[in-house]
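Asks: Sequence and predicted model, in that order:
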Amino acid sequence: MADPQLVTDPADPRLADFVSLTDVQLRRTLEPARGLFIAEGELVIRRAIAAGYPVRSLLVVQDKAGLAGRLGAAGQAPVYLVPPALARALTGYRVHRGALASMQRRPLPGVAEVLVGARRVVVLEDMVDHTNVGAIFRCAAALGFDAVLLAPRCADPLYRRSVRVSMGSVFAVPYARLTDWAGGLRELQGLGFTLVALTPDQGALPIAELPAAGRTALLVGTEGTGLSARWVAAADIAARIPMRNGIDSLNVASAVAIACYLLAGDRGPAATAQPAGQRAASGAADG
């Protein structure tokens, strides 16, 4: 490990990767342009290193200087020790986990590459909340899903909040970004995936009643508005989590956790299930 360097000037260019971490718009532009992302806390940094992401630099808060030694796997990446007040002024928040790492991004694989050998995947449509994205990656990892696919406008899984909420699961679950919002679903179907649209629609089949099948792609929409009508219609089957006590839906991350649990293992929808658009229409007609 490189010898730690004490830095006391927030304008020091060596700290440029860590500036204004709470400014989402700035980071969305800056991080991909520089080919970097930020990992926070010893556990997450270790998981990023173990997954093969190179460390550009480490920022360690001075009162937790011991982290610098424990993160020796960073190799020769520079380590900057900063006073707590400077860390807060620089990043925009109190760095209570004591360490931040600027990590080098790797080229994002294509959809076909990620799906080789995959049987269960989650597909996120236009989900812009980083917390939900991170939580869904954690669910996918914990419940044995093989990959996550993102619609073109989905939030970045390597944004600091997503990485933190996922507890580093974004490094454990392969993911790719669909290049075509509509055509991407047809590609999945062409690869033999049954598309399951997760929806609160009362005409949808209770998810626990889905018959067993092979390759399954769980389609999930953004918080509030849910899946677009186009994606629901394109799915092979619509599934819902039955609600009680007047509650119409769950937080999307909670819903995905339940759905992934029920679809894990040998469970899943039959490829011959009624298309979601038809099911929703028949459900509405039935009242």
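Replies: Cool, got the structure. Residues are numbered from 1 along each chain as shown.

Asks: which residues of this protein score low on pLDDT?
Replies: Along the chain, the parts satisfying pLDDT under 70 run over 1-2, 72-75, 265-287.

Asks: Measure how buried the nearest residue to residue 113 once chain neighbours are set aside is and give me the count.
Replies: Spatial nearest neighbour of residue 113, excluding adjacent residues (C-beta to C-beta, 6 or more residues apart in numbering): residue 176 at 7.1 Å. No exception for glycine: its C-beta is placed from N, CA and C like everyone else's. If you count neighbours by other C-beta atoms under 10 Å, residue 176 ends up with 19.

Asks: which helices and strands does the host helix or strand of residue 176 pack with?
Replies: Using DSSP states H and E, residue 176 sits in strand 175-177. Packing partners of strand 175-177 (3 or more C-beta pairs under 8 Å, 6 or more residues apart in numbering; DSSP states H and E): helix 111-114, strand 147-150.

Asks: which of these is buried the deepest?
Replies: Compared across the helices and strands packed on strand 175-177, strand 147-150 shows the largest average neighbour count, a mean of 25 (mean count of other C-beta atoms under 10 Å).

Asks: and that strand, what other elements does it pack with?
Replies: helix 111-114, strand 120-124, helix 130-142, strand 175-177.

Asks: can you tell me which of these comes nearest to residue 15?
Replies: helix 130-142 (22.7 Å; C-beta to C-beta).

Asks: hmm, back to that, possible to save the helices and strands packed on strand 175-177 as JSON lines with distance to residue 67?
Replies: Shown next, in JSON lines, are the helices and strands packed on strand 175-177 (distance: least, C-beta to C-beta, whole Å):
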{"stretch": "helix 111-114", "distance to residue 67": "33"}
{"stretch": "strand 147-150", "distance to residue 67": "30"}
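
Asks: Residue 25: which of the ones you listed is closest?
Replies: Closest among these, once you apply C-beta to C-beta, is strand 147-150, at 19.1 Å.

Asks: ok, and what's touching the closest one?
Replies: Residues from elsewhere that reach strand 147-150 (C-beta atoms under 8 Å, 6 or more residues apart in numbering): 111, 114-115, 118, 121-124, 127, 136-137, 140, 157, 173-178, 184, 188, 217.

Asks: Could you point out which of the helices and strands packed on strand 175-177 sits nearest residue 8?
Replies: If we rank those by C-beta to C-beta, the stretch that ends up nearest is strand 147-150, at 40.0 Å.

Asks: Residue 8 reaches residue 86, doesn't it?
Replies: Yes - using C-beta atoms under 8 Å, residue 8 makes contact with residue 86 at a distance of 6.4 Å.

Asks: neighbour-wise, which of these two wins?
Replies: residue 86 (21 against 11).

Asks: Could you find the closest non-adjacent residue to residue 104?
Replies: residue 54 (4.2 Å).

Asks: since we're on the one you found, how many residues are nearby?
Replies: Neighbours of residue 54 (other C-beta under 10 Å): 15.
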